[in-house]
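1. sequence-free structure coming up:
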């Protein structure tokens, strides 16, 4: 039986699109990685490049550059679709970087249409709004977005499930990595201080692109390590799987659950999070997830010392990438993924 061909694209964030491609191939898809072609695509000609720059500077128009690059990209993708013998599915993750013309072309050439998953709050990337009608289905992970825009569909993030049998040894107690965000900096520092006082081994990284001296005025705990650039998603997953507890600090930008929550679930880790919305999900268990209010540490020492509670197998399956991709593409059988009511 011929493997289905899926065209997919995701933002080039620390190699995320390559990790997703690997997991798609693990689940039997022949993959055309649109992101890889986009990164190596220029303008139709030097004159068109100059025109796009002129439009951007004089008229603050970024759409022209997107459209012109999309024309070149479309030619490349058309050749890949023909080489693959046709296209079965098209999946975009945060498609605002593409023109409507390119999305429409891909959708028309896909046997099962095209879908988009917006893995950040909709209001953070307003350029996606004019494109929402170009997709057969449009998914969001934030229940607030689902409530505000009734035509979108619910889903969550997921955990990568292609190498679950290769569980590395645990070498640290608590792990976190994240970009500096003023809304959560004080909480990160306070929790790091508490965990250090409890004698726990911490592996905490903050991506800070300014001078280190400025950072230490915010992150005074010397065990918080500062980085200029993020590590790759592959390295991040390796560190997560080597830790007993994952730390998660919700951003003011959305209330949806981060990848960290699902990594903790899939890799059988404990989770300390400031996102109280997690209590509304079917995988929440107080032995596995500690919801911290950012101030009170009561009960945290007991939580870190207690054993992990094993959940029903169908819960782990539900939030795996394997089920997620079948749900998103409407391939049976799959478990439906929903969001809690707000």
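-> Nice, thanks for sending it over. In this text the structure is predicted, and so the values were computed from the model without any measurement.
2. ok but residue 151 is inside a helix, no?
-> No. If the criterion is DSSP: H, G, I helix; E, B strand; the rest coil, then residue 151 is coil and not within a helix.
3. so what's it up against?
-> Neighbouring residues of residue 151 by C-beta atoms under 8 Å, 6 or more residues apart in numbering: 132, 138. C-beta here means a position set from N, CA and C on the backbone, and glycine is covered the same way.
4. which pLDDT value goes with it?
-> Residue 151 carries a pLDDT value of 94.
5. equivalent analysis for residue 209, please.
-> At residue 209, pLDDT is 84.
6. so which bits of stretch 297-304 are buried?
-> The neighbour-count check on stretch 297-304 (16 or more other C-beta atoms under 10 Å) flags 300, 303-304 as buried.
7. okay, now residue 89: neighbour count?
-> A count of neighbours around residue 89, defined by other C-beta atoms under 10 Å, yields 22.
8. I'd say it and residue 7 touch.
-> Yes. With contact defined as C-beta atoms under 8 Å, residue 89 reaches residue 7; the gap is 7.3 Å.
9. between these two, which contacts overlap?
-> Shared contacts of residue 89 and residue 7, counting by C-beta under 8 Å, 6+ apart, come down to residue 110.
10. which residue ranges of the stretch 1-150 of the chain form strands?
-> Counting by DSSP state E, counting those that start in this stretch, the stretch 1-150 of the chain has strands at residues 5-9, 30-33, 89-93, 114-118, 137-140.
11. so what touches the last one?
-> When contacts are defined by C-beta under 8 Å, 6+ apart, strand 137-140 is touched by residues 113, 115-118, 122, 132, 146, 149, 151-155, 256, 328, 330.
12. low-confidence ranges in the stretch 201-342 of the chain?
-> 253-254, 342 (pLDDT under 70).
13. can you give me the helices for it?
-> 212-216, 233-241, 259-266, 300-305, 313-318, 321-329 (DSSP state H, counting those that start in this stretch).
14. ok and the second one relative to helix 259-266, angle-wise?
-> Taking axes from the mean of the first three to the mean of the last three C-alpha atoms, to 10 degrees, helix 233-241 and helix 259-266 form an angle of 50 degrees between their directions.
15. which parts of helix 233-241 are buried?
-> Neighbour-count burial for helix 233-241, counted by 16+ other C-beta under 10 Å, picks out 233, 236-237, 239-241.
16. same deal with the fifth one?
-> Using 16+ other C-beta under 10 Å as the burial criterion, the residues of helix 313-318 that qualify are 315-316, 318.
17. residue 199: which of those is nearest?
-> Checking those against residue 199 by C-beta to C-beta gives residue 316 as the nearest, at 30.9 Å.
18. got a list of what that closest one touches?
-> 265-266.
19. same question, residue 201
-> Residue 201 touches 172-174, counting by C-beta under 8 Å, 6+ apart.
20. any low-confidence regions in the stretch 51-200 of the chain?
-> For the stretch 51-200 of the chain (pLDDT under 70), the answer is 51-55, 57-59, 61, 64-70.
21. using JSON lines, lay out the helices of the stretch 201-342 of the chain together with distance to residue 194.
-> What follows is the helices of the stretch 201-342 of the chain, written out as JSON lines (distance: least, C-beta to C-beta, whole Å):
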{"stretch": "helix 212-216", "distance to residue 194": "19"}
{"stretch": "helix 233-241", "distance to residue 194": "21"}
{"stretch": "helix 259-266", "distance to residue 194": "19"}
{"stretch": "helix 300-305", "distance to residue 194": "7"}
{"stretch": "helix 313-318", "distance to residue 194": "30"}
{"stretch": "helix 321-329", "distance to residue 194": "33"}
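22. can you tell me which of those helices is nearest to residue 203?
-> That would be helix 233-241 among the helices of the stretch 201-342 of the chain, by C-beta to C-beta, at 6.4 Å.
23. give me the residues contacting the closest one.
-> By C-beta under 8 Å, 6+ apart, the residues outside helix 233-241 that reach it are 13-16, 19, 160, 167-168, 175, 177, 203, 230-231, 246, 260, 263, 267, 269.
24. write the ChimeraX selection for whichever of those are buried.
-> Restricted to buried positions by 16+ other C-beta under 10 Å, the ChimeraX selection for the contacts of helix 233-241 reads:
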select :14,15,16,19,160,175,177,203,230,231,246,260,263,267,269
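25. of the contacts of residue 201, which is the most crowded?
-> When the contacts of residue 201 are compared by neighbour count (other C-beta under 10 Å), residue 174 ends up highest, at 23 neighbours.
26. what residues are bridge-paired with it?
-> Beta-bridge partners for residue 174, by DSSP bridges, are residue 202, residue 245.
27. residues touching the nearest residue to residue 249 once chain neighbours are set aside, list them.
-> If you skip the residues right next to it in sequence, residue 249 has residue 184 as its closest partner in space, 4.2 Å away by C-beta to C-beta, 6 or more residues apart in numbering. Residue 184 sits next to 178, 249-251, 274 when contact means C-beta under 8 Å, 6+ apart.
28. from what I can see residue 90 touches residue 115, true?
-> Yes. Counting by C-beta under 8 Å, residue 115 is a contact partner of residue 90 at 7.2 Å.
29. more neighbours, those two?
-> residue 90 (30 against 22).
30. please tell me how far the spatially closest residue to that one that is not a sequence neighbour sits from residue 234.
-> Closest residue to residue 90 apart from its sequence neighbours, by C-beta to C-beta, 6+ apart: residue 114 at 3.8 Å. According to C-beta to C-beta, to the nearest Å, residue 114 stands 27 Å off from residue 234.
31. no more questions from me, cheers.
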